[in-house]
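Engineer: A structural model of the following input is requested.
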Amino acid sequence: MEKTKRKPFIIIVLIAVIAAIAYFMLRGSGKPGPNAEEAKGAPSATDATAIVELTDKQVEAIKIEPVGSYPFPLEKTAVGSIDFDEDLAVPVFAPYQGKIISAFMGLGDEVQKGQALYTIDSPDLVQAESALIAAAAALDLTNSELTRAKALHGAVQGVSQRELEQATSDQQTAEGNLRAARSAVLVFGKTPAEIDQIVATRTIDPALVVKSPITGQITARNAQPGLLVQPGATPAPYSVADGSTKWMLANVTEVESPLIRMGMPVRVKVMALPDEEFEGKISAMAALVDPNTHRVMVRSDVLDPKHELRPGMLATFFIQVKASVQATAIPASGVVREGDGTMTAWVTNDRRKFFQRTVKLGLQKDGRYEALDGLKKGELAVTDGAAILSNLLEAGPSD
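Structural biologist: Okay, here's the model as predicted:
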């Protein structure tokens, strides 16, 4: 009976001894259990598509940093072209018919508002100045008549009251005619000082000076001396535009058009200046959708203080439709496009063993990608030189 009671106890002791031996064998082997690396916070081997170990010298060739975050603007893109701001671009026509005498400015020259562009020999100006000289002479005559009438009025055998009143009326009429003649010449761009000179010297100046109406740059020149010009006849002798602001005309898809509003900020890049970026804002949108392309024309005012943009340049603009979002990010140099088109990155825990991860990328800004999946903020990742690890993986272990 006593032997029967001791038998279960012996079995329990044997089981405990076997379990203890197994525990110490596993611990002594130095091999962690399947979840040991995750417990330490290391990248999970199950998440990795491949593993590469580097030497100290190889580690020096790459850059390792904690995965951080970066603000990514929510943007839409559109392709268009650069043009002059038509509100600040003016064709400078001759106000009257005539032949060009002199042209003072060349293509591309900077001009100020009121600066002379060209002169024309205008028959209309000659006629107006002739009328001015005649009016001035008539006023001089009536002034003399009035002075004489006043002196003789009341004297024996002098002028009558009626004659005095007539002389006064003639003098006032002459004054009015001179004022009207001066105003007529003033319309041609002559200054008051130049008009006084014409009146004083009784000489006609047939040169009509055409001045720039705005400050800007000469964008077109068709002002050859001797050319007959007429008001509104194209092409204009000169065209002037203020190039500090340009227009970008682009078409956005019908689907994206509801997201775009007046005043939204835009960034503009052109193929000719890949390292430059220009800022602007939405200034106009078409009221209708093009029935053929199902796109909407959008116009942006783009700042160009250095006059680097030229009309006709192809451009891409990025419209920020919402505020920026702070998201997990990795530099572009930390991402590798594999042969099958997938994007991968490399993460590590000990800066020696690197795990390859398949990542899903989103927005791109300033050389960084938004990491939608595959990376976690704070874990160590290769931020420069990821291609080196992918090449080592492809080459396989060296002998």
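Engineer: pLDDT (mean, whole number) over stretch 338-357?
Structural biologist: If you average the pLDDT over stretch 338-357, you get 90.
Engineer: Using PDB, list the CA coordinates for stretch 263-277.
Structural biologist: The C-alpha atoms that make up stretch 263-277 are tabulated as PDB, following Å, rounded to 0.1, in the frame of the first residue of the first chain:
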ATOM      1  CA  GLY A 263      -6.600  82.700 -53.100                       C
ATOM      2  CA  MET A 264      -5.200  79.200 -52.500                       C
ATOM      3  CA  PRO A 265      -1.300  79.200 -52.400                       C
ATOM      4  CA  VAL A 266       0.500  77.500 -55.200                       C
ATOM      5  CA  ARG A 267       4.100  76.400 -55.900                       C
ATOM      6  CA  VAL A 268       5.300  76.600 -59.500                       C
ATOM      7  CA  LYS A 269       8.200  74.800 -61.100                       C
ATOM      8  CA  VAL A 270       9.400  75.000 -64.700                       C
ATOM      9  CA  MET A 271      11.500  72.600 -66.700                       C
ATOM     10  CA  ALA A 272      14.000  75.300 -67.700                       C
ATOM     11  CA  LEU A 273      14.800  76.100 -64.000                       C
ATOM     12  CA  PRO A 274      14.600  72.800 -62.200                       C
ATOM     13  CA  ASP A 275      16.300  74.100 -59.000                       C
ATOM     14  CA  GLU A 276      14.000  77.100 -58.700                       C
ATOM     15  CA  GLU A 277      10.500  77.300 -57.200                       C
END
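Engineer: That stretch: which residues count as buried?
Structural biologist: Taking 16 or more other Cβ atoms under 10 Å as the neighbour-count basis, stretch 263-277 is seen to contain the buried residues 264, 266, 267, 268, 269, 270. No exception for glycine: its C-beta is placed from N, CA and C like everyone else's.
Engineer: And for stretch 217-231?
Structural biologist: Applying 16+ other Cβ under 10 Å to stretch 217-231 flags 217, 218, 219, 220, 221, 223, 229 as buried.
Engineer: now residue 327, nearest residue through space, not along the chain?
Structural biologist: Spatial nearest neighbour of residue 327, chain neighbours left out: residue 370 (4.6 Å); criterion: Cβ to Cβ, 6 or more residues apart in numbering.
Engineer: ranges for the helices of the protein?
Structural biologist: Using DSSP state H, the helices found in the chain span residues 2-29, 36-39, 56-59, 123-152, 161-186, 192-201, 386-395.
Engineer: check contacts around the nearest residue in space to residue 94 that is not next to it in sequence.
Structural biologist: In space, residue 94 comes closest to residue 229 once its chain neighbours are excluded; the distance is 4.2 Å by Cβ to Cβ, 6+ apart. By Cβ atoms under 8 Å, 6 or more residues apart in numbering, the residues touching residue 229 are 93, 94, 97, 98, 99, 100, 120, 237.
Engineer: And residue 229, how close does it get to residue 210?
Structural biologist: According to Cβ to Cβ, to the nearest Å, residue 229 and residue 210 sit 9 Å apart.
Engineer: who touches both of the two?
Structural biologist: With Cβ under 8 Å, 6+ apart applied, the overlap between the contact sets of residue 229 and residue 210 consists of 94, 120, 237.
Engineer: Could you list the domains of this protein?
Structural biologist: According to the domain assignment given by automatic domain parsing, the chain is divided into the following structural domains: 40-72+325-395, 76-86+242-324, 90-121+206-241, 123-205.
Engineer: circling back to that earlier point, quick check: of the shared contacts of residue 229 and residue 210, which has the highest neighbour count?
Structural biologist: Neighbour counts for the shared contacts of residue 229 and residue 210 peak at residue 120, which has 27 neighbours (criterion: other Cβ atoms under 10 Å).
Engineer: who does that residue bridge with?
Structural biologist: Each beta-bridge partner of residue 120 is listed here: residue 100, residue 208, as defined by DSSP bridges.
Engineer: got a pLDDT number for it?
Structural biologist: At residue 120, the pLDDT value in this model is 91.
Engineer: where does the stretch 251-399 of the chain dip in pLDDT?
Structural biologist: Judged against pLDDT under 70, the low-scoring parts of the stretch 251-399 of the chain cover residues 396-399.
Engineer: burial of the residue lying closest to residue 161 once chain neighbours are set aside, as a residue count?
Structural biologist: Among residues not flanking residue 161 along the chain, residue 153 sits closest, at 7.1 Å (Cβ to Cβ, 6+ apart). A count of nearby residues for residue 153, using other Cβ under 10 Å, gives 15.
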